[in-house]
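1. Here's a sequence, model it:
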Amino acid sequence: MKQEDTTQRIWDKALELFSTQGYDSVSVGEIAKAVGIKAPSLYNHFPSKQAIFDAIVKSTAAQYEADTDKIHIHVQNVQRDIPVFTEITEDALFEKVRQIFEYSLHNDTISRFRRMMTIEQFRSPELAALYSKRYVERILHYHAGIFRALIATGEIAAEDPDALAMMYVAPVITLIGVCDRQPEREPECLEMLQSHVRLFFRMVHGGGSQRSV
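-> Now for the predicted structure:
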C-alpha cells in the first residue's frame, strides 16, 4: 500500500471511529487496528492522535469547499456568491438548498465529521468553540453578508440582515439534526425544508413568488 493511501486510510478510519465513539474514547492502537497496521507504523504518518484530528479538520474543510463549489455556493466567500443569489428564482433557491442539505447528510466524510463534532462539543471547550464557529457562526455571517448586499441593492426587504440570517439558517440546521438522529425522517424533513425556503423567499420579497433573493 502506498504511503499516501495509508495516510488517507488512517484518517478515514479515525473519523469513522471518532464519529461513533468520540475522540477521547478511541486510542491510536484502535485506529491502527482498523487500518490494518501496527501502532508504531501509524506514527510514520502522524505523530499523534491530535495530529490525525487536525488533518481531518483541514481535509474536511477543503472537501466541503471543493464540493459546494460545484453548485456555486462558497460559504467562505460572500463577495463571490452575491451574483449567485442575484435574481435567483424561488425554485432555483430551493434547489441549491436541497443539494447542500442532501450532500451534508449523505457524504460520508462530511456527515461523520458533523457527528463527531456533535459528540465532542460537550467534552472539550476548544471543540465546542470550533463547532459553533463552523456550524453556526460562519454560516450566519455568510448569509448575513448576502442579505446585506441584496438589501443595499433593493432586491429584498430592508430588514436586519443578521436577524434574517438567523431566521433562514436555523430551520435548516434543525432539520439536518433531525435527520442525523432519525434518518428515516428525511422525506418529511425535505418537505419542511421546501416549505421553509419558499415561505422565507416570499417573505423577504413582500409576498412575491418568482422574484430574486
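
2. Please spell out which residues along stretch 137-146 are buried.
-> By 16 or more other C-beta atoms under 10 Å, the buried positions in stretch 137-146 come out as Ile139, Leu140, Tyr142, His143, Ala144, Gly145, Ile146. C-betas here are computed from N, CA, C, even on glycine.

3. right, I mislabeled it, should have said stretch 196-207
-> His196, Val197, Phe200, Phe201, Arg202, Val204, His205.

4. before we move on, what about stretch 13-28?
-> Lys13, Ala14, Leu15, Glu16, Leu17, Phe18, Ser19, Gly22, Tyr23, Val26, Val28.

5. Equivalent analysis for stretch 158-166, please.
-> Buried-residue list, stretch 158-166, by 16+ other C-beta under 10 Å: Pro161, Leu164, Ala165.

6. Which of those residues sits closest to Ala39?
-> Proximity of the buried residues of stretch 158-166 to Ala39 was ranked by C-beta to C-beta; the top entry is Ala165 with 45.6 Å.

7. could you point out which element follows whichever strand or helix holds the closest one?
-> Following DSSP states H and E, one finds Ala165 within helix 161-181. Next along the chain after helix 161-181, taking DSSP H and E as the criterion, comes helix 186-204.

8. Check the offset of that next one from the chain's centre.
-> 18 Å (C-alpha atoms, centre = their mean, to the nearest Å).

9. So what touches it?
-> With C-beta atoms under 8 Å, 6 or more residues apart in numbering as the test, helix 186-204 has contacts from 90, 93-94, 97-98, 101, 105, 147, 156-157, 159, 164, 167-168, 171-172, 175, 178-179, 208-209, 213.

10. Mind checking the pLDDT average for that helix?
-> Helix 186-204 shows a mean pLDDT of 97.

11. Okay, angle between that helix and helix 161-181 too, please.
-> For helix 186-204 against helix 161-181, the angle between stretch directions is 170 degrees (axes from the mean of the first three to the mean of the last three C-alpha atoms, to 10 degrees).

12. shouldn't Asn107 be in contact with Ala66?
-> No. Applying C-beta atoms under 8 Å as the test, Asn107 and Ala66 come out as separate, 11.3 Å apart.

13. Give me the more crowded residue out of these two.
-> Neighbour count, other C-beta atoms under 10 Å: between Asn107 and Ala66, Asn107 has more, with 16 against 9.
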